[in-house]
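*Asks:* Fold the stuff below for me.
(3 chains, ligands or ions: 3)
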Amino acid sequence: MQKKEHNVVGQYTGRLDAFGKVTGRALYAADRCFPGMLYGAVLRSPYPHARILQISTNAATRKKGVIAALTASDIPGARVFGVVVKNQSVMAEDKVRFIGDGVAIVAALTEREAREAVGLIRVEYKLLPAVFDVEEAMKPDAPRIHQGDNVFIHHKVRRGSIEKGFQEAEVILKRSYRTQRIEHSYLEPEAALALPLPGDGIKIECCAQNAYSTRRSVSEVLGIPMNRVEIEQATMGGSFGGKDEVMTSLCCRAALLALKTGRPVKMVNTREESFLESYKRHPYILYYKIGAKKNGRLTAIEARIIADAGAYASMSPFVTWRSAVQAAGPYECLNVKTDAFAVYTNQAYTGAMRGFGSPQVNFAIESLMDELAQELNLDPLELRLKNCFTEGSVTATGQKLNPGVSLKEVLQKAAGEMKWEMKRALYEGEKRNQDYIKRGIGLACSYRGVSLGAEGIDAAATVVSVQSDGSVIMWSGISDMGQGAQTAQAIIASEVLGISPDRITFFPVNTSRISDSGPTVASRGTIMGGSAAKKGAETVRDSMLKEASIILDESIDNLIMYNNWIFSSKNRTKKTSFSALAGECFNRGVKLFGFGWHKSPSTTWDEKTGQGQAYFTFVYGCNVAEVEVDTETGQVKVIRIAAAHDVGKAINRAGVEGQIYGGLVMGMGYGLMEEFSIQEGEPQCYNFDEYLIPTACDIPDMKAIIVENPDPLGPFGAKSIGEPATELAAPAILNAICHATGKRIRELPADLEKVLLDHKLKRISKRGSEEK
Amino acid sequence: MKIEIKVNNKRYCLEIEHNLTLLDLLRDELGLTGTKRGCEIGECGACTVIMNGDAVNSCLVLAPQADGSEIFTVEGLEENGELSILQKAFIEHEAVHCGFCTPGMLMSAKALLDKNPHPTEEEIKIAISGNLCRCTGYKQIIEAIKSVSNQ
Amino acid sequence: MLPEIKYYKANTVEETVHILAQNKHAIRILAGGTDLLPELRSEKQNRKVIILDISSIKLLNKIEDEGHFIRIGALVKHSQMVESILLGRHAGFLTQASSLVGSAQIRNRGTLGGNICNAAPCADTLPPLVALDAELTLESSSGNRTELLSGFIRGAYKTNRANDEFLTWIRFKKLPEGCRSNFIKLGRREALSIARLQVAACGMIDSNNKICYIRIVPGSTTPNVFRFTEVEEYLLGNEPSERLFSKAGDMVARKMVEITGVRWSTEYKKPVIAALVRRSLQAIFNLKPGVAVK
Ligand SMILES: Cc1cc2nc3c(=O)[nH]c(=O)nc-3n(C[C@H](O)[C@H](O)[C@H](O)COP(=O)(O)OP(=O)(O)OC[C@H]3O[C@@H](n4cnc5c(N)ncnc54)[C@H](O)[C@@H]3O)c2cc1C
Ligand code: FES
Ligand code: FES
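*Replies:* Ligands and ions are numbered 1, 2, ... in the order given. Predicted coordinates:
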C-alpha cells in the first residue's frame, strides 16, 4: 500500500456543524430566547444628511408594553466606535449621515409593541445639503460629512518612474471603469440577544463576524471593562465580511437596552432593515493608464481609484489599501503608480466584503489587459503569460514573491480545461454567422495577499483539549460563518493527533474563553486558525507521546499516532488506543490541554514611498468563462466556468470546492445582475425582490481546479480560498462577453440594458415592479 | 381564533392571533425554529415547509389559512431518530455551508422527491430555484439531491 | 410583521358574496396570498385590515372541459395549471406562462384569480389569457356578470372589479385544432424573475401556407394588456417569412411607443420587443432559427 502523505488532511469529508444544520437544531441568534426577554427596535433616519435638533421619546415611553426608549444621550460611555477611524455612531447624536442611520432605540414586551413605539418617537431635523456623487464629494466646496475632508484616505504605491515607463511604451491605453455597490446578501439577517449578567456585566449572543472588535466597541460604549463583556457567537447564517460594524452597533444597542432595563433584550433585523442599515461593498471609479511595448511587455501602469465609502469610515482604509497594493495586477511592471482614495458620501456606508478591495481592481486591470491584448493583436492568455509573475518576481510594492509563484500554472490549467485556444478561434469564426446568439470565452487572473498583511497585527489562538475518554474539545478565536473554519481546524488537529475529526466537538467563539484572535477576515481562517490549531494539537501530542513512550516502553521517535491508535513503528504489538492513552494520561496528571498561538511573519509598509512587504504570502488564481450572449435582448448566459486556484494545500477538499463554487456564483452575480442602487440617498432595493442574486437555475457548469503548491508558512502548506474564489468571475465573464459581441462593457453589472445598448439605463421604479 | 394543525405528525390545537403567518406560528408559537426567516416576502425560500404535500413559503401563508392542514418542517425529516437519506446526502456532499438555507432546501428537495423520485438535473434546479443560497453556489446541493434520486 | 387583521373565511361562493356585501369597503380578498401578504407587510401597521379568505372554496379549484371551451376556477394554482393535460393541449402558452411564475413554492400557492385581480403589468398569465380572449365571471350578492379580461384590466394594478364582487371563473375557447402557441418571458434571471418583457402569440396556416389565424399580445409593454390587432391583421393572409415577422415585430414596437410615449426604458424595450415578437412568430410557424421559448 502506498503511503498517503496525510491521513486526514485532504481526505476527510464532512463537516462538524452539518448535523445541527440538517436537523434544524443548530441555533442561530434569532432562534434563541431567554425568559423575561424584551424586544428591541430601532428608529432610523429618513434623511440622508440632517442635523438633529431635538428628539422626544415621551409618547413612545408612555405606550403600553414599552420599557425603555433611549437615544445617544443615554449612552454611558463612548458614543462612537470604529475599528480604524472612530466616527460611527451607535445612535446619531448631532446629525444623521445617511438614510438608515440609527437614531433611537426602544425595548418593549413584544416585537410589535417595540416596532410601533419606534413610530411614536418625534425627531426634529434640520436638513443639510447632502452629497451622493463621490467625485462631487471630493470637491472642496462639497458638504462636509464628518469633521475634516470628505477624502479621508489616500494610499499610494510608487515603483520606478511612471513618466519613464510611458516614454518607453509603444502603445498607451487610457480607460476608466466603474463598479457597483453590492449587498452581502447573507441569508440570515442580523440578530443579537443581550443578557445582563450579575454585577454590571453583559453577555451577548449574536452573529457578529468579529466578536473581538465588537466586544471592544461594546465595552467602550457601555463604559465597562472588556472582561465584563462576553460575546458568544451563535451559529452564523453567512457573513461574507458583512457582519462587522452593523453587528457592533446592533450589539451595542441591545446591550444598552439590556443594561437599562435589567432584562434580556433581543433585536433582530428584518431583511428591509438589514438592506437599509448594513454596509455594502464599495462602488469604485477606476481610471487606468497602461503602457506596453509592441511585443506586449508592460512598461507602465497608472491607476487612480476612488472608493465611495458612504457615511462612515468602516473598513475603507484597509479595503482601499489592498486595492492600491493589488491594482497593477499580477504582472511584472517596473513603473507603477497607484493612488487610492476613500471618500465620504451621504449614503449607506461601505466596508468589508469578500474580496476586500480586490473585485473592483481585478475587474479593471483584467478588462484592461484584454483591451491591451486586442490593441496589440495578441491573445489575452498570451499577453498574460508574457507578463505574469513567476518565481522571483517583484511586485508593484517592491516585494520579492516567496517561492511557489504558480500563476502560469493556474492560467494554463484553467485555460486547458476550457480548451481555450480552440474555443477562442471557434467563436471568433462564428462571429460572421447570422445567429443572434454569440458565444465567447474570456479569462481573468490574479494574485492575492493572504491574511491581513500590513493592515494589522496578525495572530490567532486555538485550544485543543483532550478529555479522559479520548474525545476532544476545541475552541478558537476564529469564527465559522459557514465557510467551514471549524472543520478545517479540526481536520488539522486530527492529523496531528492521529484521530478522526468526528471525535472533536468545537465550541463557538466566545470572547471570554479565548484570546483575541483578530477578525475572521481576509481569508485568514485556515492559515491563521489552522496554524494555531496545529500548534495546540502538537502541544497535546507531545505530552501524550511522552507518556506513551513510558507506557509502551518505546522511544518517542518510533511512535506513530494513526487512526485513533498509538503504536510503535518497530513493533506493531506495542500499541494503545488513543482513548486508553488519554485516560492513562489523565490518571497520571499529564496535561491534555494545548493552547496554540500563531503569529504570522511580519510585514512592512511605508506609507510615504508606497513600498513594502505587503503580505507574508500570496495565492494565485485564474477563472475562464464561456458565455452565450443574446445580442437582441442583452441576455447573457454563462455556460461554463473553470476556476483554478492554488490553495497551498486543500485541508478539506470538498470544502475548498464549495468555497470555489459559492465564490464563482457570487462573482457571477457581481458581473451580471447585482446592484444595490441608491438614488438621492434613497436605496432602491429593500429586499430580495429588488436585489437579485443568482438562483439555482442561473448557475453555469462549474469546474473547480485545485492546485497545490504547499506553502511553508501555512499549516500542512495550506493558504486560503475564501476570497480568491469570488474575485475573478466578473472580469472573466465580461471579457467573454466582449469576445462574443466585440463590445466592451466598462461598468458593472453587465445587465440586459448595458449588454444591448452599451450604456446604463437609469431606472426610476415603483417597489416590486420594473416600471414606474 | 382556534385552529387545528398537524405538524410533523403531531396534532396541535392552538388559539392564535389573526395576523400571524405560518412561519410565525411555527417559530414563535411552536418553537420550531429550524424553519428560517430570511425575507418574509416569498423570495428567499428559507421558510419553506411542506403543506399538504406541497412546498410552500410559510411566510406567505396566513396562519389561519393553515387550519386543518398537515405540515412538515425540517424537524420532521429524521426517521426513527435517524437522519433521512436526504439529510445524509446533504452532509456527504458538502451541501451545507452556513446552513441558513438548508432547512428550506431540504423541504423543497423532499417535496420534489416525494412526487418525482428520479428527477433530472433540470427538474432539481427548478424545484430549488425558489431557495436562495449565498454560500454554496448550489452545485453541491444539486449533487446531494441527485445522489438520493439515484438510490 | 403584518398589521392587525380581522380574518373571515368563506367556504362557498354564497358565503363569499354574503360577507363581501356586508363589508363592502374595507375587505380584502385572500387567495394564495403571494401578492397580498407582501403587500400587507409593507403597509402602515396601525390600520386594521379585514381579510376574507376564499382559498378553501372547493368549487373554484378546478379546470373544466366544456367542449369548445375551457373553464378555470379562480382558485386554481399555477402548479395545477402546469400539470393540466387539458390546458397543455388546448392553451399551451398559458401553461408555459404559469410554469414561469416565481418559484415552485409560489406556483404551489399563487392562483390564476390572484394573478388576474392583482393586475400587475408584468403578470405572466395575462398575455396568453388576453390572446385567448378570456372571459371572466364576477360574482356578487346581486348575481354575476361576465366581462372580457382585456376590459377588466384598467391599467397597472387596476381593475374594474366592484368592491362587493369577486372573480369566480375564467373561461376561454380552446385554440383551434392545428394552432400553435408560444409564450416568451424575458427576465433578469432564470427563476424568481419579474418579467421585463413578454410575448404571447398563437397562430396557424391554411392549406395554402397562408396565415389564417393569429393572435399577438405583448406583456409588460403597456399598462393595459391587449391584442395588437393591427399587427394581427397585417399578418393574416400572408405566408410566414422571416421578413414578415421582423416587420410585425417592428410594428408592435412602434405601437408600444405610441401608447406609452418615450420612457426611461424605451430605448431598451423597443428593439427587444420587436425581436421577441419576431421570435415568437418564428417559433409558432417553425421557421429557423430555432425555438425561443423563454
Ligand atoms: C416571490 C414571488 C415571485 C412572483 N413571481 C411572479 C411571476 O414570475 N409572475 C407573475 O405573474 N407573478 C408573480 N408573483 C405574483 C403572484 O404570485 C401571482 O400574481 C399569483 O398568481 C397571485 O395569486 P394569489 O392567489 O397568491 O393572490 P393573492 O395574493 O391572494 O391575491 C392577489 C390580489 O388579488 C385579489 N384576489 C385574489 N383572488 C381574487 C378573486 N378570486 N377575486 C377577486 N380578487 C381576488 C386579492 O385581493 C389581491 O389583491 C410572484 C410573487 C412572489 C411573492
Ligand atoms: S422568509 Fe419566506 S421566502 Fe424568505
Ligand atoms: S449554506 Fe449559507 S445560504 Fe446556503
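*Asks:* On the three-state scheme, C:Gly32 is what?
*Replies:* Assigned with DSSP: H, G, I helix; E, B strand; the rest coil, C:Gly32 falls in the coil class.
*Asks:* That one is in contact with C:Thr111, isn't it?
*Replies:* Yes - using Cβ atoms under 8 Å, C:Gly32 is in contact with C:Thr111, at 4.7 Å. No exception for glycine: its C-beta is placed from N, CA and C like everyone else's.
*Asks:* Need the overlap of contacts for these two.
*Replies:* By the contact definition Cβ atoms under 8 Å, 6 or more residues apart in numbering or on different chains, C:Gly32 and C:Thr111 are jointly contacted by C:55, C:77.
*Asks:* Residue 58: neighbour count?
*Replies:* Reading this off chain A. 11 (other Cβ atoms under 10 Å in any protein chain shown).
*Asks:* that's the other chain; I wanted chain C
*Replies:* Counted with other Cβ under 10 Å, C:Lys58 comes out at 10.
*Asks:* how much space between it and chain B?
*Replies:* Distance of C:Lys58 to chain B, given as Cβ to the nearest Cβ, to the nearest Å: 13 Å.
*Asks:* Check A:Gln11 too.
*Replies:* Taken as Cβ to the nearest Cβ, the span from A:Gln11 to chain B is 14 Å.
*Asks:* so what's residue 128 up against?
*Replies:* This is for chain A. A:49-51, A:95, A:143.
*Asks:* my bad, chain C
*Replies:* C:91, C:93-94, C:96-97, C:181, C:183, C:200, C:217.
*Asks:* quick one, domains of chain C?
*Replies:* Domain assignment of chain C by automatic domain parsing yields the ranges C:5-53, C:59-173, C:180-284.
*Asks:* The second one and ligand 2, are they touching?
*Replies:* Same thing as domain C:59-173. No - Domain C:59-173 does not reach ligand 2 (Cβ under 6 Å from any ligand atom); its nearest approach is 7.3 Å.
*Asks:* residue boundaries of the helices in chain B?
*Replies:* Using DSSP state H, the helices of chain B run over B:22-24, B:85-92, B:102-115, B:121-127, B:139-149.
*Asks:* just the residues of chain B that are near ligand 1, which are they?
*Replies:* Within chain B, the positions near ligand 1 by Cβ under 6 Å from any ligand atom are B:41-43.
*Asks:* rerun that using 5 Å as the cut-off
*Replies:* Contact residues, chain B versus ligand 1 (Cβ under 5 Å from any ligand atom): B:42-43.
*Asks:* Show me which residues of chain B are close to ligand 3?
*Replies:* Counting by Cβ under 5 Å from any ligand atom, chain B sits next to ligand 3 at B:97-98, B:100-101, B:133-135.
*Asks:* The stretch 1-150 of chain A now?
*Replies:* So the stretch 1-150 of chain A never meets ligand 3 (Cβ under 5 Å from any ligand atom).
*Asks:* Quick one: the helices in the stretch 1-150 of chain A, in order.
*Replies:* Applying DSSP state H, counting those that start in this stretch to the stretch 1-150 of chain A gives helices spanning A:18-23, A:58-62, A:111-118, A:134-137.
*Asks:* Kindly export the last one (C-alpha atoms) in CSV.
*Replies:* Read it as helix A:134-137. Output of helix A:134-137 as CSV, limited to C-alpha atoms (Å, rounded to 0.1, in the frame of the first residue of the first chain):
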residue,chain,number,x,y,z
VAL,A,134,-18.3,60.5,-5.0
GLU,A,135,-16.5,62.9,-7.3
GLU,A,136,-18.7,65.7,-6.2
ALA,A,137,-17.9,64.9,-2.6
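*Asks:* distance between that helix and the chain's centre?
*Replies:* Helix A:134-137 sits 26 Å away from the centroid of its parent chain (Cα atoms, centre = their mean, to the nearest Å).
*Asks:* from the chain's centre, how far out does the lengthiest helix in chain A sit?
*Replies:* The residue-count maximum for a helix in chain A (DSSP H) belongs to helix A:530-552. Remark: helix A:530-552 is offset 34 Å from the chain centroid, using Cα atoms, centre = their mean.
*Asks:* Now do it: which elements does it pack against?
*Replies:* Helices and strands touching helix A:530-552, by 3 or more Cβ pairs under 8 Å, 6 or more residues apart in numbering or on different chains; DSSP states H and E, are strand A:459-466, strand A:472-476, helix A:485-497, strand A:559-562, strand A:565-568, strand A:575-577, helix A:578-587, strand A:593-599.
*Asks:* residues touching A:Val66, list them.
*Replies:* A:60, A:106-108, A:113-114, A:117.
*Asks:* if we go to 10 Å?
*Replies:* Shown in contact with A:Val66 (Cβ atoms under 10 Å, 6 or more residues apart in numbering or on different chains): A:38, A:57, A:59-60, A:106-109, A:113-114, A:116-118, A:120.
*Asks:* possible to save those residues as CSV with neighbour count and distance to chain C?
*Replies:* Formatted as CSV, those follow (neighbours: other Cβ atoms under 10 Å in any protein chain shown; distance: Cβ to the nearest Cβ, whole Å):
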residue, neighbour count, distance to chain C
A:Leu38, 28, 16
A:Thr57, 23, 18
A:Ala59, 14, 13
A:Ala60, 24, 14
A:Val106, 31, 14
A:Ala107, 31, 17
A:Ala108, 27, 13
A:Leu109, 16, 15
A:Glu113, 21, 11
A:Ala114, 29, 10
A:Glu116, 21, 6
A:Ala117, 28, 11
A:Val118, 22, 10
A:Leu120, 18, 10
